[in-house]
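A.B. asks: Could you work out the structure for the sequence below:
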Amino acid sequence: MASAAAKAWVVCLEIKRIQTWLFAVPKLQAMVGANAILAKLLSQTLVAKAEENGAKLPAGVDRTGGTSTPKAIPGDPLADWDRPLALADDPVLVRHAGRFHVVFLDFAQAEQFVRAAAVAIAEACGDVLVAAHIEPLTQQAKGWLQGDRIEVAAVGEATAGLVALESPLLQPCQASGVGFASKRVGGRAGARKLRVSDEVVRRREAFSRHDRATGDDRDLVKRFYQGIPGFDALRQQNDFTDLADGGYLGVLCADGNSVGAGLAAARQAVPAGDYFAQWYHTEAYFLRTRSRIRAALATALAETPGLAAGAWQTPRYRLLMLGGDDILLVARADRVLELAARMCKALDALNAQSAVGDSGSPTTVGVGVAIVHPKFPFRRAHELAEHLMASAKRRSRTENCVDWEVVTAAALPDLQAQRLAQWVGRAPDGSLAIASLRPYTGQGLQRLVAAAKPLVPDRAATDADRTARIGRGQWRWLAEQMHRGMFLGELARRELRPQAREMIDKAVLVVGDGASDVAQPKPHDMCAHWYPLGATGTGTSAWGTPLLDLVEVAHIHTLGTRGVAHEDLDDETVEADTTATSDLGPRRGPSGGAP
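C.D. replies: Next comes the predicted model:
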């Protein structure tokens, strides 16, 4: 029941399990369309409903906190559009990442908006679940104080459109497997038409509007694309197979590190109890975080060769999620790790050149990359990328870290069990021998990508170059022997052709021999490509090698039907920071856990 003393009411809506809804239809066009539907819902539809129902800030409240608007992050394509702190009298406080918060001066208007929003969300998104509550605010001498929240029953459950299952004339949707087919839609050229549900049709239509949108009709992702130098929206691919360009597909999932801890630090100077002052500092922190991540991603996309960094090149990536500090992107597998390395490098540069007077903590991310066949179930690939992102976060929450996995089988493996079985062995002295340095720091991945370039197979290479490069069969043999133990791996390395062994040794040296927590790490006396990793979580010393990581990165180009021929192999690769620390700090074992 409404309190008579309350002067304002904040309606808080949150769409639950948003990613489940976004990726319910495992087709690229449908996923992009779902993002467009969500963006329109949060930025236009709910805003209009709030205005219709009388949303308004209390008199005398200034959303800007009475201070100047924080400086825009250089390179953020959305800097001129995402400006929540510059709108002094806007009653909408939050409208991103599936959340919508808006202020009303009357409780009845707030309740009426909740009902109208429930109908709008159901019309746009179907059977998503929406959590809603109302926060009462009371004006006192020291500011606006928040009272006990008023819970509102979950809204948005689908009840309409149900049809009797026993009807012999209906069949399930062939695109999602959920709902009944009502229309036929075309797919790839020459492919048969699919019978799909109304939900799939709605997503495909939203995709078409998204791709054609101009001016104020552009959603967040379209505005982001058009802020990237050299981006050609007319040549974007609409299918996972075309996007992979004859190779494998990279699914990149990134998320900000220690966001909660950073927010707590940003709030230290906030007056206790003042709701709108708390909101200002909270939104300023989130704005700075997401702007830095967007700017770093835009820089990486523009600079990564092979991802359409120039006119008349076909873009080989698609953003599937760009909400807050969360990023989900699909791209060509042979460029996705270089993209991740460049993104980490750009983020480090932005942290280093933070605006004067900015007391916020540096922004870092954990990145997971799943490299799969383009026809691999996307839901499973996304799940793997999230697990790898969590692995990267366990490595460090103060540095940019990246983990990846290549899946060539039809089924998704148990990642932890597979890595323990394939990577972890014993050295003759009883210490652990870990045949990988994953997860890598951002600087470590930059060194790895640069060092792997000379190992990349190339049909255009001279006979001398081919002799120096390790073939796929040799790599498999080397990997098999390294999985059996440190010394067997060393013997297999020594059996390689002299030119190939020399090239690999140079690459390992670039990645492994640099300043780190272990000052100038000395290789193992008998195995030159193994380096000390320090104590693990069990207190046991360990040795690790980047050799398998190097060769795997080099041979991502050979996956799929493209083979080893590739037009971009001679382009520039990411420039490694040779003064940066290497990736050889104390570790807990594979995937960041105890071996």
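A.B. asks: Now for Ser361, how many residues are close by?
C.D. replies: 20 (other C-beta atoms under 10 Å). Any C-beta I mention is one placed from the backbone N, CA and C, and that applies to glycine too.
A.B. asks: typo on my end, Gly147
C.D. replies: Applying other C-beta under 10 Å, we find 15 residues neighbouring Gly147.
A.B. asks: heads up, I number from 34, so please use that
C.D. replies: All set: I'll call the first residue 34, so the last point we hit is now Gly180.
A.B. asks: State the pLDDT value of Ala302.
C.D. replies: With respect to pLDDT, Ala302 scores 65.
A.B. asks: repeat for the one 4 residues further on
C.D. replies: The model reports Gly306 with a pLDDT of 68.
A.B. asks: what do you get for Ala342?
C.D. replies: For Ala342, the pLDDT comes out at 52.
A.B. asks: Low-confidence stretches in the stretch 234-383 of the chain?
C.D. replies: Where the stretch 234-383 of the chain drops to pLDDT under 70, the residues are 248-249, 263, 265-268, 302-306, 341-346.
A.B. asks: Walking through it, point out its helices one by one.
C.D. replies: 253-259, 273-277, 292-299, 308-336, 366-385 (DSSP state H, counting those that start in this stretch).
A.B. asks: Let's see the shortest one as CSV, backbone CA atoms only.
C.D. replies: What follows is helix 273-277, C-alpha atoms only, in CSV (Å, rounded to 0.1, in the frame of the first residue of the first chain):
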residue,chain,number,x,y,z
PHE,A,273,27.1,-18.0,-39.8
THR,A,274,28.5,-20.0,-42.7
ASP,A,275,29.1,-16.9,-44.8
LEU,A,276,30.5,-15.1,-41.8
ALA,A,277,33.1,-17.8,-41.3
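A.B. asks: Does anything pack onto it? Which helices or strands?
C.D. replies: Packed against helix 273-277, as judged by 3 or more C-beta pairs under 8 Å, 6 or more residues apart in numbering; DSSP states H and E, are the following elements: strand 359-365.
A.B. asks: chain center to the strand it packs on: distance?
C.D. replies: Averaged C-alpha coordinates place strand 359-365 at 6 Å from its chain's average position (C-alpha atoms, centre = their mean, to the nearest Å).
A.B. asks: what do you get for stretch 434-446?
C.D. replies: Its chain's C-alpha centre lies 16 Å from the corresponding centre of stretch 434-446 when counted by C-alpha atoms, centre = their mean.
A.B. asks: Leu126 should be in a strand, yeah?
C.D. replies: Yes: secondary structure of Leu126, determined by DSSP: H, G, I helix; E, B strand; the rest coil: located in a strand.
A.B. asks: so is the spatially closest residue to it that is not a sequence neighbour in a helix, a strand, or just coil?
C.D. replies: Leaving aside its sequence neighbours, Leu126 sits nearest to His134 (C-beta to C-beta, 6 or more residues apart in numbering; 4.3 Å). Classification of His134 using three-state DSSP returns strand.
A.B. asks: give the contact list for His134.
C.D. replies: Residues in contact with His134 (C-beta atoms under 8 Å, 6 or more residues apart in numbering) are Val43, Val44, Cys45, Leu46, Val125, Leu126, Val127, Arg128.
A.B. asks: distance of it from Gly593?
C.D. replies: 45 Å (C-beta to C-beta, to the nearest Å).
A.B. asks: Likewise for Ala373?
C.D. replies: Distance from Ala373 to Gly593, by C-beta to C-beta: 20 Å.
A.B. asks: swap in Ile70?
C.D. replies: Relative to Gly593, Ile70 is positioned 32 Å away (C-beta to C-beta).
A.B. asks: Look at these two and report which has more neighbours.
C.D. replies: When Ile70 and Gly593 are compared on other C-beta under 10 Å, the one with more neighbours turns out to be Ile70, at 24 against 20.
A.B. asks: Downstream of the helix or strand harbouring the more buried one, the next helix or strand is which one?
C.D. replies: Per DSSP states H and E: Ile70 is located in helix 61-73. With elements assigned by DSSP H and E, the helix or strand that comes after helix 61-73 is helix 79-85.
A.B. asks: In terms of secondary structure, what does that following helix contact?
C.D. replies: strand 125-129, strand 132-137, helix 140-158.
A.B. asks: wait, which of the ones you listed is closest to Arg300?
C.D. replies: strand 125-129 (15.7 Å; C-beta to C-beta).
A.B. asks: What does the pLDDT read for the residue nearest to Phe137 when sequence neighbours are not counted?
C.D. replies: Leaving out its chain neighbours, the residue that sits closest to Phe137 by C-beta to C-beta, 6+ apart is Ala143, at 4.2 Å. With respect to pLDDT, Ala143 scores 93.
A.B. asks: didn't Ala143 look like it was pressed against Ile167?
C.D. replies: Yes: because the distance of 5.5 Å satisfies C-beta atoms under 8 Å, Ala143 is recorded as touching Ile167.
A.B. asks: The two: who's more crowded?
C.D. replies: Looking at Ala143 and Ile167 with other C-beta under 10 Å, you find the greater number of neighbours at Ala143, namely 26 against 21.
A.B. asks: which ones are touching the more buried one?
C.D. replies: Trp42, Val44, Asn86, Phe137, Ile167.
A.B. asks: re earlier: output the contacting helices and strands for the helix holding Ile70.
C.D. replies: With contacts taken as 3+ C-beta pairs under 8 Å, 6+ apart, helix 61-73 sits against helix 51-55, helix 140-158, helix 231-245, helix 253-259, strand 350-356.
A.B. asks: elements contacting the fourth one?
C.D. replies: It stands for helix 253-259. For helix 253-259, the packing partners by 3+ C-beta pairs under 8 Å, 6+ apart come out as helix 61-73, strand 350-356.
A.B. asks: Could you do the shortest one as well?
C.D. replies: When contacts are defined as 3+ C-beta pairs under 8 Å, 6+ apart, helix 51-55 sits against helix 61-73, strand 350-356.
A.B. asks: longest strand anywhere in this structure?
C.D. replies: Taking DSSP state E as the criterion, the chain has its longest strand at strand 163-173.
A.B. asks: avg pLDDT for that strand?
C.D. replies: Rounded mean pLDDT across strand 163-173 is 88.
A.B. asks: partners of that strand, with directions?
C.D. replies: Paired with strand 163-173 in the same sheet, following DSSP bridges, are strand 41-48 (antiparallel), strand 176-179 (antiparallel), strand 183-188 (antiparallel).
A.B. asks: Just the CA atoms of that strand, as CSV, please.
C.D. replies: This file holds the C-alpha atoms of strand 163-173, laid out as CSV (Å, rounded to 0.1, in the frame of the first residue of the first chain):
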residue,chain,number,x,y,z
VAL,A,163,9.7,-9.7,-16.2
ALA,A,164,10.4,-8.8,-12.6
ALA,A,165,9.0,-5.5,-11.4
HIS,A,166,9.1,-3.6,-8.1
ILE,A,167,8.4,0.0,-7.0
GLU,A,168,10.8,1.9,-4.8
PRO,A,169,9.2,4.7,-2.7
LEU,A,170,11.3,7.9,-2.2
THR,A,171,10.7,10.4,0.6
GLN,A,172,12.2,13.9,0.5
GLN,A,173,14.1,14.8,3.7
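A.B. asks: residues contacting Ala374?
C.D. replies: Here Ala374 is in contact with Val435, Gly475, Leu478, Gln479, Leu481, Val482, Val607 (criterion: C-beta under 8 Å, 6+ apart).
A.B. asks: Stretch 68-82: how far from the chain's middle?
C.D. replies: 22 Å.
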